[in-house]
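S.K.: structure, please.
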Amino acid sequence: MTDTAAPAAARTAVVAAALDLFAAQGFEATSVEQIAQAAGVSRSTFFRQFGGKDDVVFADHELLLERLREFLAREHADPWQAVCDASILAYRHFSADPDLARRRYAVVREVPALRDREIVTGFRYERLFDDYLRGALPGLDPIDAVGFAALATAVHNHVLRQLLRGTKRVPVSVLRAALDDVRERFGVAESSPPAQDDVVVAVFPKRMPAAEVARRVHAALDS
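M.R.: I've put the predicted structure just below:
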């Protein structure tokens, strides 16, 4: 086991133990001491890994947000697709262990404070995508950035809920197809590069953001 895998495995063990206790005796009735004992760690170790009981439930989101932030910081030829790819990365994480994801979802549904935090956490993904698009596409209308970010996040959450509320796996292809439709509806679907080098004749959907039109023209001229 690698140095990075060991802490991750330990955190997963604590999360799994906590979710078992939450399901058996309720979130409010479960203490940090009980979670630590069930996971086989000390109370101090628990607090080094998590700030509190609610942080156990949302631990994956904190790690994912940082991972997606690093992913989006790389160079991407197509910023719109980069947002879709980031959404798929997040979905792959939860779909890799649907049983754990469903147990977490069941706990969140039962606790109003956790439901409220889930809403805020969802907005953090949307804000991450929004900020990325504005930085990657200078001149992009903020309405286009927030609109695409919100729609991509909503589609992701819809497909994820299908997984969480059901008993079968929902393949990533379902989300990918839905995000392709988002791009099509938003007017930023991938198009074939122009065949001519000297003259570029381009036709774009009227709804396509001006910044995306400019990006594609520049890309065609530079190719």
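S.K.: got any ranges where this structure has weak pLDDT?
M.R.: Applying pLDDT under 70 to the chain flags residues 1-8, 191-204, 218, 220-223.
S.K.: in it, which residue is closest to the centre?
M.R.: Against the mean C-alpha coordinate of the chain, by C-alpha atoms, centre = their mean, the closest residue is A90 at 4.0 Å.
S.K.: for that one, which non-adjacent residue is closest in space?
M.R.: Once flanking residues are discounted, A90 sits nearest to L64: 5.4 Å by C-beta to C-beta, 6 or more residues apart in numbering. Where you see a C-beta, it was placed from the backbone N, CA and C, and this is true even at glycine.
S.K.: circling back to that earlier point, wait, the residue nearest to the centre of the chain sits on H156?
M.R.: Yes: applying C-beta atoms under 8 Å as the test, A90 and H156 come out as touching, 6.8 Å apart.
S.K.: what is in contact with the two at once?
M.R.: Shared contacts of A90 and H156 (C-beta atoms under 8 Å, 6 or more residues apart in numbering): Y125.
S.K.: can you tell me the element L19 falls in?
M.R.: helix 5-25 (DSSP states H and E).
S.K.: beyond that helix, next helix or strand please.
M.R.: Toward the C-terminus from helix 5-25 - assigned by DSSP H and E - lies helix 32-39.
S.K.: which other residues reach the helix or strand that that next one is followed by?
M.R.: Sequence order places helix 43-49 as the next helix or strand after helix 32-39, per DSSP H and E. Helix 43-49 is contacted by residues 7, 10-11, 14, 32-33, 35-36, 39, 59 when judged by C-beta under 8 Å, 6+ apart.
S.K.: next secondary structure after helix 43-49?
M.R.: That would be, after helix 43-49 and using DSSP H and E, helix 53-57.
S.K.: in that next one, what counts as buried?
M.R.: 53, 55-57 (16 or more other C-beta atoms under 10 Å).
S.K.: now G122: which helix or strand?
M.R.: Applying DSSP H and E, one finds G122 within helix 112-136.
S.K.: V174 - how many residues pack around it?
M.R.: Counted with other C-beta atoms under 10 Å, the neighbours of V174 add up to 16.
S.K.: hang on, isn't it packed against L160?
M.R.: No: counting by C-beta under 8 Å, V174 stays clear of L160, with 10.2 Å between them.
S.K.: find the nearest non-adjacent residue to G26, please.
M.R.: Nearest non-adjacent residue to G26, counting by C-beta to C-beta, 6+ apart: E110, 7.7 Å away.
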